[in-house]
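Participant: From the sequence below, what's the structure:
(one chain, ligands or ions: 1)
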Amino acid sequence: MGKLLIVGTVAFDAIETPFGKTDKILGGAATFIGLAAAQFTLESAIVSVVGGDFPQAYLNLLKNKGIDISGIEIVKNGKTFFWKGKYRNDLNSRDTLITDLNVLADFNPKVPFNFKNADVLMLGNLHPKVQLSVIAQMETKPKLIVLDTMNFWMDNTLPELKEVIRLTDVITINDEEARQLTKEYSLVKAAQKIHAMGPKYVVIKKGEHGALLFHKDEVFFAPALPLEEVFDPTGAGDTFAGGFVGYLAETENISFNNLRNAVIHGSNLASFCVEKFGTERMEELSKAEVENRLDQFKQLTQFDIELQ
Ligand code: AMP
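Facilitator: The predicted structure follows:
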């Protein structure tokens with residue numbers, strides 16, 4: 001059983017999809033990552049910041065999932081990070097309507113003492129300066145540093161983001177963002193350029209079309225499970241990342257073969273996340289449901305062709 005340290009936003013989200021809209025609900029990259037990783041046997045902690053307006057019930061929810069929340073700072077007279085997004089009809093593309101950094105704007109992260117030797121460091125989506133500070137606070141070099149980011153930080157903080165990318169082993173990024181970062185349309189070429197920036201492994205997420213794992217000349221592809229109901233894709237990318245690092249922390253094996261399994265676990269958990277608004281589905285998810293769907297994944301991808 002390994003130790004997983006997660007840094008990322010713990011947030012309020014307001015979401016609009018073709019099926020309905022929500023007021024401010026629980027969201028944030030670290031929240032989704034933490035809930036997904038909680039499906040595995042590991043020790044985990046979140047480093048983040050919230051304002052005095054953040055309900056204690058949300059913090060309790062994370063704590064009750066076994067996540068160490070001592071690294072979530074509460075700024076009493078500040079406001080929690082707020083994000084509002086609206087999905088187009090295909091649910092594959094969305095527009096960000098509001099990003100209010102609030103307390104995140106001048107956040108100084110503090111890694112809990114017990115997690116300065118974490119095996120896996122998951123740098124979830126937030127300011128690259130915060131991600132760099134967390135890397136600097138680690139007392140032992142993590143076996144694996146995984147980075148997730150988004151276009152917002154490419155647009156606003158590219159030099160710092162490139163420095164984080166240089167220090168990471170694995171980057172998870174969606175197809176549009178990979179193209180924006182490398183100015184390459186071909187995802188194979190984009191992955192090569194990202195390799196050259198630092199990460200040995202590049203995971204490119206393609207929403208309902210699955211995810212690709214690149215390592216040197218090798219590529220592995222995991223489909224997304226074709227679902228009857230897709231309600232709200234928010235947090236699917238983070239849930240994928242949470243499943244990916246959760247599995248790696250539990251198994252303490254970072255071979256390419258095991259990273260392939262991790263991609264499947266990430267895809268499996270992400271398939272649940274999208275079935276309800278926000279974190280709702282992930283809060284109630286049982287181990288039996290997860291196992292059952294893993295089996296469906298196996299059926300979906302198994303074939304028996306004899307090569308001559
Ligand atoms: P995903 O759908 O996986 O890309 O992640 C959605 C989550 O990311 C939401 O819960 C938001 O609170 C969070 N989020 C949105 N924009 C940002 C940002 N610029 N930095 C960090 N987290 C963000």
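
Participant: okay, CA-based contacts and neighbour counts for the rest of this
Facilitator: Noted.

Participant: Is there proximity between stretch 101-120 and the ligand?
Facilitator: No - judged by CA under 6 Å from any ligand atom, stretch 101-120 stays clear of the ligand, getting no closer than 7.9 Å.

Participant: swap in stretch 145-160?
Facilitator: Yes - using CA under 6 Å from any ligand atom, stretch 145-160 reaches the ligand at Phe152.

Participant: chain center to that stretch: distance?
Facilitator: Averaging C-alpha positions (CA atoms, centre = their mean, to the nearest Å) puts stretch 145-160 13 Å from its chain's average.

Participant: if I look at the spatially most distant residue from the centre of the chain, how far off is Gln302?
Facilitator: In the chain, Gln308 marks the outermost C-alpha relative to the chain mean, sitting 40.8 Å out by CA atoms, centre = their mean. Gln308 is 19 Å from Gln302, where distance means CA to CA, to the nearest Å.

Participant: Kindly report the residues of the chain close to the ligand.
Facilitator: 9, 11, 13, 27-29, 83, 125-126, 152, 234-238.

Participant: Separate out the buried members of the residues you listed.
Facilitator: When the residues of the chain next to the ligand are checked for burial by 16 or more other CA atoms under 10 Å, the buried set is 9, 11, 13, 27-29, 83, 125-126, 234-238.

Participant: Quick check: which element contains the residue nearest to the spatial centre of the chain?
Facilitator: Per CA atoms, centre = their mean, the C-alpha nearest to the average position across the chain is that of Asp238, at 2.5 Å. Per DSSP states H and E: Asp238 is located in helix 236-251.

Participant: what ranges do the helices span in the stretch 201-308 of the chain?
Facilitator: 236-251, 256-273, 280-284, 287-301 (DSSP state H, counting those that start in this stretch).

Participant: can you pull the contacts of Ala14?
Facilitator: When contacts are counted by CA atoms under 8 Å, 6 or more residues apart in numbering, Ala14 is found next to 21-25, 82-85.

Participant: how about it, secondary structure?
Facilitator: Assigned by DSSP: H, G, I helix; E, B strand; the rest coil, the conformation of Ala14 is strand.

Participant: and it, what are its bridge partners?
Facilitator: Counting by DSSP bridges, Ala14 forms beta bridges with Lys84.

Participant: okay if I get the buried ones among the residues of the chain next to the ligand as JSON lines plus pLDDT and distance to Val146?
Facilitator: Formatted as JSON lines, those follow (pLDDT from 0 to 100; distance: CA to CA, whole Å):
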{"residue": "Thr9", "pLDDT": "97", "distance to Val146": "16"}
{"residue": "Ala11", "pLDDT": "98", "distance to Val146": "21"}
{"residue": "Asp13", "pLDDT": "97", "distance to Val146": "24"}
{"residue": "Gly27", "pLDDT": "98", "distance to Val146": "20"}
{"residue": "Gly28", "pLDDT": "98", "distance to Val146": "17"}
{"residue": "Ala29", "pLDDT": "97", "distance to Val146": "13"}
{"residue": "Trp83", "pLDDT": "97", "distance to Val146": "23"}
{"residue": "Asn125", "pLDDT": "94", "distance to Val146": "11"}
{"residue": "Leu126", "pLDDT": "94", "distance to Val146": "13"}
{"residue": "Thr234", "pLDDT": "95", "distance to Val146": "20"}
{"residue": "Gly235", "pLDDT": "96", "distance to Val146": "17"}
{"residue": "Ala236", "pLDDT": "95", "distance to Val146": "16"}
{"residue": "Gly237", "pLDDT": "95", "distance to Val146": "13"}
{"residue": "Asp238", "pLDDT": "97", "distance to Val146": "12"}
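
Participant: Closest to Glu289 out of those?
Facilitator: Taking CA to CA as the measure, Ala236 is the one of these closest to Glu289, at 17.2 Å.

Participant: where's that closest one relative to Ala105, distance?
Facilitator: For Ala236 relative to Ala105 (CA to CA), the value is 25 Å.

Participant: neighbours around Lys216, how many?
Facilitator: By other CA atoms under 10 Å, the residues close to Lys216 number 11.

Participant: My read is that it contacts Ala196, right?
Facilitator: No - if you go by CA atoms under 8 Å, Lys216 and Ala196 don't touch, sitting 10.2 Å apart.

Participant: so how far is Val10 from the residue nearest to Gly207 when sequence neighbours are not counted?
Facilitator: Leaving out its chain neighbours, the residue that sits closest to Gly207 by CA to CA, 6 or more residues apart in numbering is Asn92, at 6.5 Å. According to CA to CA, Asn92 and Val10 sit 23 Å apart.
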